[in-house]
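Enquirer: I would like the atomic coordinates for the input below:
(2 chains)
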Amino acid sequence: MITVNNLCKSYRMGPNEVLALKNASFTIENGDYVAIMGPSGSGKSTLMNLLGCLDLPSSGIYQLDNQEIQNLDLNELAQVRNKSIGFVFQNFNLLPRTTALENTELPLLYGRIPDSRNIALSALDKVGLADRATHKPNELSGGERQRVAIARAIVNSPSLILADEPTGNLDSKNGAEIMGLFRSLNNEGVTIILVTHETEVAQEAKRIIRMKDGEIVSDQALAKDPASC
Amino acid sequence: MLIWGLFKMALRALWANKMRTFLTTLGIIIGVASVISMISIGEASREKTLDTISKFGTNIITVRPGEKKTRHVATDKVDTLVLEDAEAIATQISGVTGVAAQVQRGAQLKFRNKNVSSTVRGTGKDYDWLANYQINHGRYFGESEIRSSRKVAVLGATVVKNLFEEKNPVGETIKIDGNNYLVLGTMVAKGSLRWFDPDDQIFIPITTAQKRLFGIDHIQSIDVQAEKIDDIKRVIADVEVLMRKRHRIREGKEDDFYVQNSAEWLTGWGDAAKSFTYLLGGISAISLMVGGIGIMNIMLVSVTERTREIGIRMAVGAKRNEIRQQFLIESILISFLGGTVGVVFGIAISKMVSSMGGWDTAVSLNTILLAFGFSVVIGVFFGFYPANKASKMNPIEALRYE
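Expert: Numbering: from 1, shown residues only, chains lettered A, B, ... in the order given. Predicted coordinates for the structure are as follows:
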C-alpha cells in the first residue's frame, strides 16, 4: 500500500527554485491499477521518480508498505528499489550485449537471491519469452524487448510496478500485447502505476490521476466491467 | 555470487571493446616487463661484478706504506714497510690465516724470440691461495725458494697465452729484464676486470724480487687474511697497534702506513650497483605509472559511455559501492592481465639479454611479486577515481542519458 501526504519536490535551476511537485496526497491500495496522465512538465515524471525511490522528496511523507521512504539513505533506497519496485521504461533500458535471461536476472543478482537463474527463467516464461532466453536485446523485436523488461520488473515479485510510457516506442499490436500483460499481472494482484499521455492506454487502468503544473487536478476511479475488455 | 556476476560483467565489457582493452593492457604490459627486465639485468650485472671482485678475497686486509690521508698520492714515505713487518703480523697476531708481503713492478719478459711487458709480483708462499689463484700446471714456490732467493717464476694465464701460445711452459726458462728464471708453474685464469687483468702478471719469491730484480729493501704492501670475516675489525686494530709499535710511532703522531679492507670496498661497490638497479627499476616504474594513467583515461571514457547502463543498474537496486566495485574490477582485470603478460615478457627479455650478454640473469620471485603487486595497486589506484565517479551518478539523470 502506498500513502502519499503533502509530497513536494523542488529543484534548484540556477538562481531559481522550481517547484516540480506541489502537495501531492493520495493513497493507492494493493492490487490497484493507476494511470497518471498529464502534459509534459506537469510533474508526472517527478512523481514517478519519487514513487520509484529514485529520488527523495523535498518535504512530505511517502509510505510504501509501511516504510517511511523520505527517511531512508541512498543504500536503503537502492534496497527498496531492488525488493519492492519493478521499473518498465519507454525505451526498455535493457543492458546491451547481455542476454534476455541475464537482463532478467540482474535484480536478483543485486538482491543476492540464490537460484537466480531459475527464477529469471520462470519470469521470462511468464511473459512468453522462455525460448528467447539466450537472445541479446539487438536480436529481439521491440515488443519482445519490452516483455524482457517486464520480466525483469516482476522477477523480484515486487509490490509495485512503475511503467513510464511502456507502449510509447511500440506499434499498436505490440502495445496491445504489453497492455494485456499488465492486465493479467494486475489480475494476479500486482499493483501497477502507469504514466502515459494516451487516453486509450489510460483507460486500461482502474483509476486515473491527472496532473498539471506540478499539482494533481483530478483523481478518478474508472467503472470497470470485467467483460468489456 | 554477486562478485562472480560483476566479474563476468567486467569481462564482457572488456571483451566488447577488444582493441581498447588491448591497448590499455599494453601500457601495463610494457611497464611490468620493463620493471622486471631492468631490475633483473641490474641485479645480474651487480652479481657478476661482485663475483669477480670477490675472487680477490673478501676477508683480506692490506697494509700499505704512507699516510692514510694521502693514500692515493705517492708520498715520500713509501719505504716504511719491511719484510719483517709481515713476519711479525703472521706470528704475533691471532686469527690470521695467511700473510703475503708484496712488491711489484712492470718488467720485460722474454721467451726465445717473444717479448712482452707484464707485471712482476714478488710475494710470499701464501699469496696464491690468499688471492684465490689456482695452480694450473706445475706448482707454486715455497719457503725454501724464498729463503734462498731462487730465480723461479709462476706465470699468470695471460702471460702464458702471450709468451707460450697456451703450451705448457713448466720447466722452460724465461728472461725477466735479461735474467733467467725457471718456470715452476702456471695459474688458472681468474677473468679480467675492466680496469685490471689479474692474469697478466708473473709471481716470483719476494726475496728474489727485492734483491735480484728491483734492488730494494722495503716492501710495497702486506696482504693479511683474517680467519673469520666477522673478526676483521679486530684484526685491523691489532695490526695497527703492532705496526705503530714496530715503527716506533709515538702517541699523537700519524701512522706511516694505512690499512685497507677489501670487504668494505666490496660492500661499497655493491651498494653503488644496488642503487643503480633501483634507478633502472625506478625509471621503468614510471612507464608503469603512465600505463596506469592510460587505465584511468579509458575507464573515464567507459564510465561516460555506459552512463545509461549505470542508471539501469541503480534502478534495479545496485548500491553505490556495488557500481564502484564493478568498475574497479574492470580496471584491476586490465592491470592484472597486463601484469601477467608483462611478467612473461619481462622474464623473456631478461633471458634474451642474458644469453646475448653472457650474464646469468636471475628473475627473482621478489621482483615478479613486486612488479605484479605494483601493477594491481596501480589498477586499484587509477581505477578508483572513474569507479567512484560512476557510483556517484544520479540514477534519474543516468537513465535519461543519451
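
Enquirer: What helix or strand is the closest residue to chain B within chain A located in?
Expert: Closest to chain B within chain A is A:N82: 2.3 Å, counting by CB to the nearest CB. All C-beta spots, glycine's among them, are computed from the backbone N, C-alpha and C. Using DSSP states H and E, A:N82 sits within helix A:74-84.

Enquirer: again with B:T119
Expert: Assigned by DSSP H and E, B:T119 falls in strand B:114-123.

Enquirer: Give me the mean pLDDT for that strand.
Expert: Averaged over strand B:114-123, pLDDT sits at 91.

Enquirer: Report all helices and strands that it contacts.
Expert: strand B:96-111, helix B:157-164, strand B:201-205, helix B:206-208 (3 or more CB pairs under 8 Å, 6 or more residues apart in numbering or on different chains; DSSP states H and E).

Enquirer: Try it again at 6 Å.
Expert: strand B:96-111, helix B:157-164, strand B:201-205 (3 or more CB pairs under 6 Å, 6 or more residues apart in numbering or on different chains; DSSP states H and E).

Enquirer: What pairs with that strand, parallel or antiparallel?
Expert: Here strand B:114-123 has these sheet partners by DSSP bridges: strand B:96-111 (antiparallel), strand B:201-205 (parallel).

Enquirer: Show residues contacting the shortest one.
Expert: Okay, so that is strand B:201-205. Defining contact as CB atoms under 6 Å, 6 or more residues apart in numbering or on different chains, one finds that strand B:201-205 is touched by B:118-122, B:141, B:145-146, B:153-156, B:159.

Enquirer: just the strands paired with strand B:114-123: most buried one?
Expert: strand B:201-205 (a mean of 26; mean count of other CB atoms under 10 Å in any protein chain shown).

Enquirer: report the angle between the axes of it and helix B:157-164?
Expert: 100 degrees (axes from the mean of the first three to the mean of the last three CA atoms, to 10 degrees).

Enquirer: Rounded mean pLDDT for strand B:201-205, please.
Expert: Average pLDDT, strand B:201-205: 93.

Enquirer: before we move on, what SS does A:A24 have?
Expert: With DSSP: H, G, I helix; E, B strand; the rest coil as the basis, A:A24 sits in strand.

Enquirer: Those residues of chain A touching chain B, which are they?
Expert: For chain A, the residues in contact with chain B (CB under 6 Å from any CB of the partner chain) are A:49, A:54-55, A:75, A:78, A:81-82, A:87, A:93, A:95, A:97, A:106-107, A:109-110, A:112.

Enquirer: Which of the residues you listed are buried? Put it as a PyMOL command.
Expert: Per 16 or more other CB atoms under 10 Å in any protein chain shown, the buried members of the residues of chain A next to chain B correspond to this PyMOL selection:
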select buried, chain A and resi 49+54+55+78+81+82+87+93+95+106+107+109+110
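
Enquirer: Check the offset of the strand holding B:T119 from the chain's centre.
Expert: 30 Å (CA atoms, centre = their mean, to the nearest Å).

Enquirer: try stretch B:246-262
Expert: The answer for stretch B:246-262 is 33 Å, by CA atoms, centre = their mean.

Enquirer: Send me that stretch as CSV with only the CA atoms.
Expert: C-alpha atoms of stretch B:246-262 as CSV (Å, rounded to 0.1, in the frame of the first residue of the first chain):
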residue,chain,number,x,y,z
ARG,B,246,107.3,-1.8,15.4
HIS,B,247,107.7,1.6,13.6
ARG,B,248,108.1,3.4,17.0
ILE,B,249,105.4,5.9,16.3
ARG,B,250,104.8,8.0,19.4
GLU,B,251,101.3,8.7,20.6
GLY,B,252,99.6,11.6,18.8
LYS,B,253,101.7,11.1,15.7
GLU,B,254,100.3,10.0,12.4
ASP,B,255,100.7,6.4,11.2
ASP,B,256,103.3,5.9,8.5
PHE,B,257,101.1,3.1,7.0
TYR,B,258,97.5,2.5,6.3
VAL,B,259,95.2,-0.5,6.4
GLN,B,260,92.7,-1.2,3.6
ASN,B,261,89.9,-3.6,3.9
SER,B,262,88.5,-5.1,0.6
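
Enquirer: for it, which positions count as buried?
Expert: B:246-247, B:255-262.

Enquirer: Show me what residue of the stretch 51-200 of chain B gets nearest to chain A.
Expert: Closest point on the stretch 51-200 of chain B to chain A, by CB to the nearest CB, is B:D51, at 56.6 Å.

Enquirer: Check the burial of residue 155 by counting its neighbours.
Expert: Went with chain A since none was named. Counted with other CB atoms under 10 Å in any protein chain shown, the neighbours of A:V155 add up to 26.

Enquirer: ah, I was thinking of chain B
Expert: By other CB under 10 Å, 31 other residues sit near B:L155.

Enquirer: tell me which parts of the stretch 201-350 of chain B are close to chain A?
Expert: B:309, B:312, B:315-319.

Enquirer: 8 Å - rerun?
Expert: B:308-309, B:311-320, B:322 (CB under 8 Å from any CB of the partner chain).

Enquirer: Now for the residues you listed: which two are most distant?
Expert: Spatial extent of those (CB to CB) is set by the pair B:R308 and B:K319 at 18.3 Å.

Enquirer: coming back round to it: using CSV, please lay out the strands paired with strand B:114-123 together with distance to B:N17.
Expert: Shown next, in CSV, are the strands paired with strand B:114-123 (distance: least, CB to CB, whole Å):
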stretch, distance to B:N17
strand B:96-111, 69
strand B:201-205, 67
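
Enquirer: what's the closest of those strands to B:M19?
Expert: Taking the strands paired with strand B:114-123 one by one with CB to CB, strand B:201-205 is closest: 63.2 Å.

Enquirer: Can you give the distance of that closest one from its chain's centre?
Expert: Distance, centroid of strand B:201-205 to centroid of chain: 30 Å (CA atoms, centre = their mean).

Enquirer: repeat for stretch A:184-197
Expert: Worked out by CA atoms, centre = their mean, stretch A:184-197 lies 8 Å from the chain centre.

Enquirer: Rounded mean pLDDT for that stretch, please.
Expert: The model assigns stretch A:184-197 a mean pLDDT of 93.

Enquirer: Give me the below-cutoff pLDDT ranges for chain A.
Expert: Along chain A, the parts satisfying pLDDT under 70 run over A:224-229.

Enquirer: Check the chain for its longest helix and report it.
Expert: By default, I'm working from chain A. helix A:172-187 (DSSP state H).

Enquirer: you looked at the wrong chain, it should be chain B
Expert: Chain B, longest helix under DSSP H: helix B:262-305.

Enquirer: which of the buried residues of stretch B:246-262 has the weakest pLDDT?
Expert: B:S262 (69).

Enquirer: residue contacts, B:G338?
Expert: If you count contacts by CB atoms under 8 Å, 6 or more residues apart in numbering or on different chains, B:G338 has them with B:24-29, B:31-32, B:291, B:375.
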